[in-house]
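Colleague: coordinates only, sequence not included:
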């Protein structure tokens with residue numbers, strides 16, 4: 001198991017972040033992941049990466065600070081300050097964020113105190129977040145097994161969860177680099193097809209009741225697993241695992257209703273089922289089977305969280321979906337299902353978007369927000385139809401899966417006209 005963890009750690013550094021010797025590395029993690037963090041540090045040092053910084057989050061310490069402090073003290077609390085992220089970005093470093101399911105223990109903490117904590121975390125890394133959005137600041141978010149997460153999934157041990165993570169991240173393959181190159185090739189082909197379609201809008205329907213129309217910005221660009229750093233020097237994989245191809249919607253042109261297909265974890269709390277109704281881009285109505293307050297709080301916490309920022313396509317028959325597991329982790333569950341996201345959109349999804357101001361991005365329909373939260377909507381009967389800029393309709397998803405052959409046929413017929 002130790003050898004597999006080292007292989008994973010090495011892959012995150014050398015392939016996902018494409019780091020070179022002497023570059024700074026920042027690792028963000030929760031206390032329960034400390035053992036794996038030590039492995040990452042050891043592997044990084046072997047590669048000549050010795051300037052390593054850490055942001056450790058301990059939920060017991062967090063709770064105690066919140067209970068013992070006033071809101072004014074929380075706003076000045078160094079433990080919640082994330083300025084180190086900007087400092088590592090300024091040094092030309094990379095950011096590796098580790099994620100696991102972790103149950104919230106803050107239910108009995110005053111809401112205003114939690115809001116103050118979240119605000120200081122967001123505000124002190126805002127510039128770095130913007131840089132990550134256009135890949136000036138190389139980053140990757142990666143799944144890490146913990147005992148608490150394994151227990152939540154009713155698995156026998158943390159090692160059993162590690163084995164699942166190794167499988168869905170292709171670390172169980174004889175040559176993970178080749179396996180990822182092959183995956184990226186397929187992913188890139190899908191992106192190319194979608195970009196060739198020149199889509200104007202997407203329409204989603206399924207038996208849960210989803211009936212949603214999403215317009216896309218002019219000359220919209222689709223992206224996927226492989227990313228280029230802003231300077232074009234590095235090949236990145238920012239999510240580990242990942243299965244998606246995605247783009248950004250026109251924030252002002254979303255209408256209809258969409259139902260979740262998998263639970264959403266918000267700050268350790270699970271929202272089992274919910275729906276969002278949109279009118280002219282804005283969330284007009286919210287329904288949740290539980291945690292209505294948490295869902296409303298998510299939408300109201302930051303400007304722009306009541307508009308969409310992402311449309312992502314993932315086969316219902318994806319490798320993660322085939323595990324038949326709900327991981328209670330957005331990183332993994334979003335790659336088992338088509339999903340949307342509330343909040344911040346992607347500048348790189350329109351031509352020259354990465355050099356536009358927030359005002360210019362908004363004028364072009366790209367949502368701006370300090371947060372970005374994915375939620376899953378894919379089902380086995382999901383139908384997605386696209387409309388191209390010429391007014392033609394084309395199947396994008398049929399029975400929950402990417403309609404590659406239908407798209408190829410459509411493109412051929414359109415080109416032959």
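Modeller: Yep, it's here. Since we're looking at a predicted model, the values are computed, not measured. Numbers count the residues shown, from 1 in each chain.

Colleague: which helix or strand contains the residue nearest in space to the middle of the chain?
Modeller: Ranked by distance to the mean C-alpha position of the chain (C-alpha atoms, centre = their mean), the top residue is residue 331 at 5.8 Å. If you go by DSSP states H and E, residue 331 is part of helix 330-333.

Colleague: what packs against that helix?
Modeller: Counting by 3 or more C-beta pairs under 8 Å, 6 or more residues apart in numbering; DSSP states H and E, the packing neighbours recorded for helix 330-333 are strand 139-143, strand 372-376. Just so you know, the C-beta spots here come from the backbone N, C-alpha and C atoms, and that holds for glycine as well.

Colleague: just checking: what are the partner strands of the first one?
Modeller: What it means is strand 139-143. If you go by DSSP bridges, strand 139-143 pairs up with strand 94-99 (parallel), strand 239-240 (parallel).

Colleague: got a list of contacts for it?
Modeller: With C-beta atoms under 8 Å, 6 or more residues apart in numbering as the test, strand 139-143 has contacts from 12, 16-17, 94-100, 132, 165, 169, 236-241, 329, 331-332.

Colleague: low-confidence ranges, the chain, go.
Modeller: Residue ranges of the chain with pLDDT under 70: 291.

Colleague: ok, then the element right after the helix holding residue 331?
Modeller: The helix or strand immediately downstream of helix 330-333 is strand 339-343, counting by DSSP H and E.

Colleague: quick one: the helices in the stretch 301-417 of the chain?
Modeller: 330-333, 358-363, 404-416 (DSSP state H, counting those that start in this stretch).

Colleague: what does the first one contact?
Modeller: Spelled out, it's helix 330-333. So helix 330-333 is contacted by 99, 141-143, 168, 239, 241, 262-265, 320, 326-327, 373-374, 376 (C-beta under 8 Å, 6+ apart).

Colleague: ok, and the closest non-adjacent residue to the residue nearest to the centre of the chain?
Modeller: The spatially closest residue to residue 331, leaving aside those adjacent along the chain, is residue 99, at 5.2 Å (C-beta to C-beta, 6 or more residues apart in numbering).

Colleague: count of residues packed around that neighbour?
Modeller: 20 (other C-beta atoms under 10 Å).

Colleague: that one against residue 334, yeah?
Modeller: No: with contact defined as C-beta atoms under 8 Å, residue 99 does not count as touching residue 334 (11.5 Å).

Colleague: all strands for the stretch 251-400 of the chain, in order.
Modeller: In the stretch 251-400 of the chain, the strands defined using DSSP state E, counting those that start in this stretch lie at 254-259, 264-266, 269-271, 274-279, 282-288, 308-313, 339-343, 372-376, 383-388, 393-398.

Colleague: now tabulate these in TSV and tack on distance to residue 366 and mean neighbour count.
Modeller: Below are these laid out as TSV (distance: least, C-beta to C-beta, whole Å; neighbours: other C-beta atoms under 10 Å):
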stretch	distance to residue 366	mean neighbour count
strand 254-259	13	20
strand 264-266	23	21
strand 269-271	26	18
strand 274-279	17	18
strand 282-288	15	15
strand 308-313	8	25
strand 339-343	12	24
strand 372-376	12	21
strand 383-388	20	19
strand 393-398	21	18
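
Colleague: and of the ones you listed, who's closest to residue 219?
Modeller: The closest of the strands of the stretch 251-400 of the chain to residue 219 is strand 383-388. By C-beta to C-beta, the value is 12.4 Å.

Colleague: by contact count, what packs against the closest one?
Modeller: Contacts defined by 3+ C-beta pairs under 8 Å, 6+ apart place strand 383-388 against strand 199-205, strand 393-398.

Colleague: which neighbours does the longest one have in its sheet, and in what orientation?
Modeller: It refers to strand 199-205. Short version: by DSSP bridges, strand 199-205 pairs with strand 211-215 (antiparallel), strand 383-388 (antiparallel).
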